[in-house]
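K.L.:
Prediction below, plus the sequence it came from.
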Amino acid sequence: MPRHGEDGSRGGYGEREGAAEERTAILAVARELFVRHPVDRVSMDTVAARVDVSKHTVYDYLGDKRRLLLAVLSAASESLPATGRRALDKHLPEDAQITTVPQLETALMVLAIDLGTSIVGSADYAAAFALVAQQGLQTPSTKGDPTTEAAAEDQAERMAHFADVGLLDTDTSRLAADHLRPRLRSAVSC
């Protein structure tokens, strides 16, 4: 009898060579199919055939279709904080030579534009957005999520630097970052 993993998949026999690549390919094909067609119209047979693996392999790696959908959404959402971090590092690097308020305003505006184009234009964002809308799912809270918290801390550290050099008037850098995030999100959703 196969053992079930914590994620509900039927794995447990050890990783065979190429397993990570197969799993990645399964997720990519499932994402493409789920975005193009209603989830209930996408069969596990179709996913398996497009990846050129057996249906059993798809079930072994990802469990049932619901778990496959959740894995696709999870993979999409995991890439977005990294995109945000790259934009933050590019436009507000730790060693930024920003010395005036207008320079900071410009850097923040360019950061918002970059986030808007890189996140909203990404295949992962588009897939997650389409799947959430299609399935009528509510987006889960990111409160307490380690990835989200790390991104918030990065933003707070950058804001602390600008407060330290007198470009921001704030008592707490985390509060400044908390105020920045909704403005960045609204720029991203435009």
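P.N.:
Received, thanks.

K.L.:
Pull the number of nearby residues for Ala82.
P.N.:
For Ala82, the number of neighbouring residues by other C-beta atoms under 10 Å comes to 12. No exception for glycine: its C-beta is placed from N, CA and C like everyone else's.

K.L.:
and the helix or strand hosting it, what other elements does it pack with?
P.N.:
For Ala82, the host element (DSSP states H and E) is helix 65-91. In terms of contacts (3 or more C-beta pairs under 8 Å, 6 or more residues apart in numbering; DSSP states H and E), helix 65-91 is packed against helix 19-36, helix 44-51, helix 55-62, helix 101-120, helix 123-135, helix 146-164.

K.L.:
What residues sit buried inside it?
P.N.:
Of all the residues in helix 65-91, those buried under the rule 16 or more other C-beta atoms under 10 Å are 65, 67-73, 75-77, 80-81, 83-84, 87-88, 91.

K.L.:
Could you tell me the angle between it and helix 123-135?
P.N.:
Interaxial angle, helix 65-91 versus helix 123-135 (axes from the mean of the first three to the mean of the last three C-alpha atoms, to 10 degrees): 140 degrees.

K.L.:
Correct me if wrong: Val39 contacts Asp64.
P.N.:
No. Val39 is not in contact with Asp64 according to C-beta atoms under 8 Å; the separation is 11.8 Å.

K.L.:
More neighbours: those two, which one.
P.N.:
Val39 (17 against 14).

K.L.:
per-residue confidence at that one?
P.N.:
Per-residue pLDDT puts Val39 at 82.

K.L.:
okay, now Ala107: neighbour count?
P.N.:
18.

K.L.:
Then Glu17?
P.N.:
7.

K.L.:
Tell me who's in contact with it.
P.N.:
Shown in contact with Glu17 (C-beta atoms under 8 Å, 6 or more residues apart in numbering): no residues.

K.L.:
distance of it from Asp60?
P.N.:
Distance of Glu17 to Asp60, given as C-beta to C-beta, to the nearest Å: 15 Å.

K.L.:
likewise Ala75?
P.N.:
As judged by C-beta to C-beta, Ala75 and Asp60 stand 17 Å apart.

K.L.:
Give me the helix or strand of this protein that scores worst on average pLDDT.
P.N.:
When the helices and strands of the chain are scored by mean pLDDT, DSSP states H and E, helix 173-189 comes last with a mean of 60.

K.L.:
re earlier: check the helices and strands packed on helix 65-91 for me: which has the lowest mean pLDDT.
P.N.:
Taking the mean pLDDT of each of those, the lowest value is held by helix 123-135, a mean of 71.
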